[in-house]
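Student: sequence-free structure coming up:
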């Protein structure tokens, strides 16, 4: 294990001028060389870039241009407000937005998605790097696309670990403080790829693995990993200690604090993950590592709103074979549509996916060529790890249960919520 540490800052930690100034202070107070700082896009930039792409896909170029113009103004205002709009930074940021605007609309959708959405991380890292330098730190900017290497699966690329380890050690040969991007990478022919939505945590874990780092700290706007999202669940508790295996399960089912793939590379090299609050950096936090038990041992809640249940069956009501299911999953995979929950019966299967204005209609259109397809929208998926009777009673009172699946220590329930009031 080396002396390297990895810090990761998400979008909320650099969402505005006070937040970015705070991030600089966190690095100054808690960072030490050698250190690599991985940063996400600022605030809701990724959502805005997805909206820009969708408007272009739908043919509304004026709406797309308005979104891009607003993004440009936001980042310029950030840099100017920090006193950074000088030197090389204006040209660097302008060049990145120009690259986005010039992307060929005839590219395959997944390739265009990665090429466009990656701009958020690039611009964010340029501004954070300039802010760290202005704050007196001898920081260097590094391009994640030159270090993290993947296959050609756009929107959810698979890491080439050997090439990545070589790339990281080539670009970062000497100790120091470096700023780089989360979420983005490059595949064959150096085409931009991305690691899946909210993939910056995974990027940080990849860098930690490649550098044999001693620790990874993810800075969040919450005290650490909680037993549920306090916006939706009452009486949540800070999870002080989480075994790797439990963290992997929570992340797989959608715990928003941890990206699903983050834990495995850390576990492979025994790297401890700290989840700490950038608002209260000295407060108690969560540690994830080779521990024997979850502390405290309580039910853990995960909520996914804006879900759609797609029911697929054959036209003649014959059995759904393995070949049918393989075709359905291929359609979802080709479009980058992630299945959050599936339940299979003799003549039909149900798939719970997150609503998407572009990919869901495309998937439904392809499916209807060979299958009966029904949609149910505006649903919510709840996942409970280690549920007790109180948890199950609470779920039953939330609305109409459309799908209920239990597996080991995990319950998953799709619900049409009761109307407010």
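Tutor: Yep, that arrived. Since the model is a prediction, treat every value here as computed from it, not as a measurement.
Student: mind showing which ranges of the stretch 101-250 of the chain have poor pLDDT?
Tutor: Regions of the stretch 101-250 of the chain meeting the criterion pLDDT under 70 are absent.
Student: Going by residue numbers, what spans are helices in this protein?
Tutor: 17-30, 45-57, 61-81, 89-101, 109-117, 119-134, 161-171, 200-211, 244-252, 263-268, 322-334, 359-368, 389-396 (DSSP state H).
Student: Return the most buried member of those helices.
Tutor: helix 200-211 (a mean of 27; mean count of other CB atoms under 10 Å). For the C-beta atoms, the positions are set from N, CA and C on the backbone; glycine is no exception.
Student: circling back: out of the helices of the chain, nearest to residue 311?
Tutor: helix 359-368 (10.2 Å; CB to CB).
Student: Next, the angle helix 45-57 makes with that closest one.
Tutor: 50 degrees (axes from the mean of the first three to the mean of the last three CA atoms, to 10 degrees).
Student: Show me what residue 217 is bridged to.
Tutor: As for beta bridges, residue 217 partners with residue 7, residue 274 under DSSP bridges.
Student: Tell me how many other residues crowd it.
Tutor: Residues lying near residue 217 (other CB atoms under 10 Å) number 24.
Student: got a list of contacts for stretch 322-339?
Tutor: 109-110, 113, 154-156, 312, 314, 344, 349, 351-354, 356, 359-360, 362-363, 366-367, 370-371 (CB atoms under 8 Å, 6 or more residues apart in numbering).
Student: swap in stretch 221-229?
Tutor: So stretch 221-229 is contacted by 10, 12-13, 230, 233, 236-240, 242, 247, 250, 255-258, 275-280, 283-286, 288, 298-303 (CB under 8 Å, 6+ apart).
Student: ok, the spatially closest residue to residue 200 that is not a sequence neighbour to residue 6 distance?
Tutor: Nearest non-adjacent residue to residue 200, counting by CB to CB, 6 or more residues apart in numbering: residue 182, 2.4 Å away. Separation of residue 182 from residue 6 (CB to CB, to the nearest Å): 11 Å.
Student: Give the residues shared as contacts by these two.
Tutor: With CB under 8 Å, 6+ apart as the test, residue 182 and residue 6 both reach 38, 204.
Student: Could you give me the buried positions within stretch 368-378?
Tutor: 371, 373, 376 (16 or more other CB atoms under 10 Å).
Student: Please list all residues in contact with the first one.
Tutor: Okay, so that is residue 371. Per CB under 8 Å, 6+ apart, neighbours of residue 371: 312-315, 324, 328.
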